[in-house]
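J.: Quick one, structure for this:
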Amino acid sequence: MGVSAPARVAVVGVHGHGSSHLRTVRALAARGRAVLHAVVDPRPVAGTTLAADGPQGPLVPAATPWYADLGALLADSPPDVVVLATPIHTHLDLARSALLAGCDVLLEKPTAASLAEHDALVAAAAAAGRRVQVGFQTFGSGALAELARVVASGELGDVTTVAAVGTWVRTSAYYARSRWAGRRTLDGVPVVDGVVTNPLAHAVASALLVAGATRAADVLDVETDLWRAHPIEADDTSSVVVTLAGGRRVAAGLTLCAPERADATVVVRGTEGSATLRYEHDDLRITSHRGTRGVSATRTDLLENLLAARADPSVRLSCDVADTGAFMAVLDAVRTAPAPRPIAAEHVTWQGDGPDAHPVVHDVVAWCDRVGRESATFTALGAPWTR
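T.: The predicted model follows:
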């Protein structure tokens, strides 16, 4: 049976990244697809910029109920859909509560703080008969789907490397924004907020998808090489080499300590061609026996896709929770790996001042590229800071 009335959507965690979900709900509301049923956050929204009027109206209209915790909302007036933009270590409990209340869930990435939590969430969704969409936005990209199709078609020949390369910048302010930022654990609970598992998780998950890996069983081995230049607990400069059940390897060279932010990419190289996806722009370039061509694609919003699946059960979720198992196997390997090693000061130059300060690891962009090209870790390649 289809769902024709606008879906009642509650957004949990609205003062950070959750504001982007509020904008999405507002846009869907303008089309009659959704209504903002409630917002949930320990901090009220009254008197904040979220409630201020603007050209398109406030993100949180004055009449929208505010709750300090999700349990109170679910006991009072369960919505149709719960959007969770909350810290990683809260995902399982909050999502499970929403499912038990009969709600569908859109859950920010990463799915959970461990593979065991992921498995528990998959089981909870199945038991409740509800949907859980995970916020890997690239999974809604037509460019990523086209790259996967090209690889599967054999146009690139035998695939030799699948790489995720990301060279971004994060400042001291980024890690000062919350207690859990940059932590491996918090109060004895796994958080796993490192470059592989959070900021550049999209690169890793997208590369795995292109290589044909969605389930944990698709992953045979994960070699981790975790480093940090920031004074944090988690990793900010890391390489990972994943061996898949079919023999393919996915290599990720990732850093938050580049001199400047560059577009993150997924690169596939084969015996008869190559393809590069700049996933932040849904831009794909393919070189093969057919010549070189570019593909610029659109992206399906994950909340809109979830609402479409509610209305029509034949619609497949772009990023069903079950399809994040391979990524969660990588996250679990990072979680259980030895603590990231500090990069010696002689290999780092700090730029900026105060909250804008950020470390730059010498030649890190070139080393991340080599990880992707050679499917080997920084240490195996002999990066200077690993010696």
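J.: Any figure for the gap between residue 248 and residue 324?
T.: Distance, residue 248 to residue 324, using C-beta to C-beta, to the nearest Å: 18 Å. Using the backbone N, CA and C atoms, a C-beta is placed for each residue, glycine as well.
J.: now do residue 73
T.: In terms of C-beta to C-beta, residue 73 sits 26 Å off from residue 324.
J.: more crowded one of the two?
T.: residue 324 (31 against 25; other C-beta atoms under 10 Å).
J.: Distance of that one relative to residue 305?
T.: 15 Å.
J.: pLDDT below threshold where in the chain?
T.: 1-3 (pLDDT under 70).
J.: change it to 80
T.: The chain contains residues with pLDDT under 80 at 1-4, 53-54.
J.: now the residue lying farthest from the centre of it, nearest residue through space, not along the chain?
T.: Here the chain reaches farthest from its C-alpha mean at residue 289, the gap being 33.4 Å by C-alpha atoms, centre = their mean. Among residues not flanking residue 289 along the chain, residue 272 sits closest, at 6.1 Å (C-beta to C-beta, 6 or more residues apart in numbering).
J.: Next, the one you found: phi, psi?
T.: When read as degrees, to the nearest 10, the backbone of residue 272 gives phi -130, psi 10.
J.: burial count for it?
T.: Around residue 272 there are 12 residues (other C-beta under 10 Å).
J.: And the one 3 residues further on, by the same measure?
T.: Other residues near residue 275 come to 23 when the count uses other C-beta under 10 Å.
J.: Tell me the first helix or strand C-terminal of whatever helix or strand residue 276 lives in.
T.: Using DSSP states H and E, residue 276 maps to strand 273-278. Following strand 273-278 in sequence order, the next helix or strand is strand 283-288 (DSSP H and E).
J.: contact partners of that following strand?
T.: Strand 283-288 is contacted by residues 143, 146-147, 150, 155-156, 272-278, 292-297 when judged by C-beta atoms under 8 Å, 6 or more residues apart in numbering.
J.: Buried ones in that strand, by neighbour count?
T.: Within strand 283-288, the residues that count as buried by 16 or more other C-beta atoms under 10 Å are 283-286, 288.
J.: What is the nearest of these to residue 363?
T.: For these, the closest approach to residue 363 (C-beta to C-beta) belongs to residue 285, at 25.3 Å.
J.: Quickly list what the closest one is bridged to.
T.: residue 276, residue 294 (DSSP bridges).
J.: just residue 268 next, same as before
T.: residue 162, residue 275.
J.: so how many other residues sit close to it?
T.: 24.
J.: Against residue 335, how distant is it?
T.: Counting by C-beta to C-beta - residue 268 and residue 335 are separated by 27 Å.
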